[in-house]
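In: let's see this in three dimensions:
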Amino acid sequence: MWEYHSHLSAIDCNKALEIFTKRDPSIVFQPLEIAEKLASNRSVCISYLQHCVDVKHLEDEDLHTFLATLHIDQIAEATEDQIDNLRQQFRKFLIASNALKVQFLIGKLSNTSLKLELAILHGKVIHRLIVKLKIAIKINIGLHYRQVIMLQL
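Out: Just a heads-up that it's a prediction; the model follows:
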């Protein structure tokens, strides 16, 4: 299959990409493995991963994080006239995704000029901490009420 994909890629990248986007994930078609094999052509790999995320709604941390790292690399190599559009796409993706390895991406962005994107990731960390805190508070309140009820009995 990969041999046919290589030949078709040379002729029509979009048709070659359809080999993978038209199929549902399975034992043979593992999205992360496919993305890793497509990584030699960044634009095709990004298109494939965006299809997995946007169309197939796959919530796999590895897929989302891989797509984010490809966006970072793409921005780093972009020309001045491409950067604003690429950064805007990347920010939309960061905001929309709930399946990112945030700490890993913070490390990748910490020494770059992508400060707004870094701020979005820090906001995600804070949001996750707030959610955990709310859960802990609910658990503690529940335990407190149980203790009060037990004392009244």
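In: ok, then the element right after the helix or strand bottoming out on mean pLDDT in the chain?
Out: Each helix and strand of the chain was given a mean pLDDT (mean pLDDT, DSSP states H and E); the minimum falls on helix 2-11 at a mean of 60. Moving toward the C-terminus from helix 2-11, the next helix or strand (DSSP states H and E) is helix 13-21.
In: tell me which residues of the helix or strand where Ile135 lies come out buried.
Out: According to DSSP H and E, Ile135 maps onto helix 115-152. For helix 115-152, burial by neighbour count (16 or more other Cβ atoms under 10 Å) applies to Glu117, Leu118, Ile120, Leu121, Lys124. Where you see a C-beta, it was placed from the backbone N, CA and C, and this is true even at glycine.
In: need those residues in a markdown table with distance to Asp73 and pLDDT, can you?
Out: A markdown table is the format used below for the buried residues of helix 115-152 (distance: Cβ to Cβ, whole Å; pLDDT from 0 to 100):
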| residue | distance to Asp73 | pLDDT |
| --- | --- | --- |
| Glu117 | 13 | 97 |
| Leu118 | 16 | 97 |
| Ile120 | 18 | 97 |
| Leu121 | 16 | 97 |
| Lys124 | 20 | 95 |
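In: among the residues you listed, which one lies nearest to Cys45?
Out: Among the buried residues of helix 115-152, Glu117 lies closest to Cys45 (Cβ to Cβ), at 19.7 Å.
In: so who does the closest one touch?
Out: With contact set as Cβ atoms under 8 Å, 6 or more residues apart in numbering, Glu117 has these partners: Arg87, Phe90, Arg91, Leu94, Leu109.
In: can you count the residues close to the last one?
Out: Each residue near Leu109 was counted by other Cβ atoms under 10 Å, and the total is 20.
In: before we move on, what about the first one?
Out: When neighbours are defined as other Cβ under 10 Å, Arg87 has 17 of them.
In: now do the third one
Out: Residues within reach of Arg91, counting by other Cβ under 10 Å, total 16.
In: please apply the same query to the second one.
Out: Counted with other Cβ under 10 Å, the burial measure for Phe90 works out to 21 neighbours.
In: ok, residues contacting stretch 125-132?
Out: Applying Cβ under 8 Å, 6+ apart, the external contacts of stretch 125-132 come out as Val102, Gln103, Ile106.
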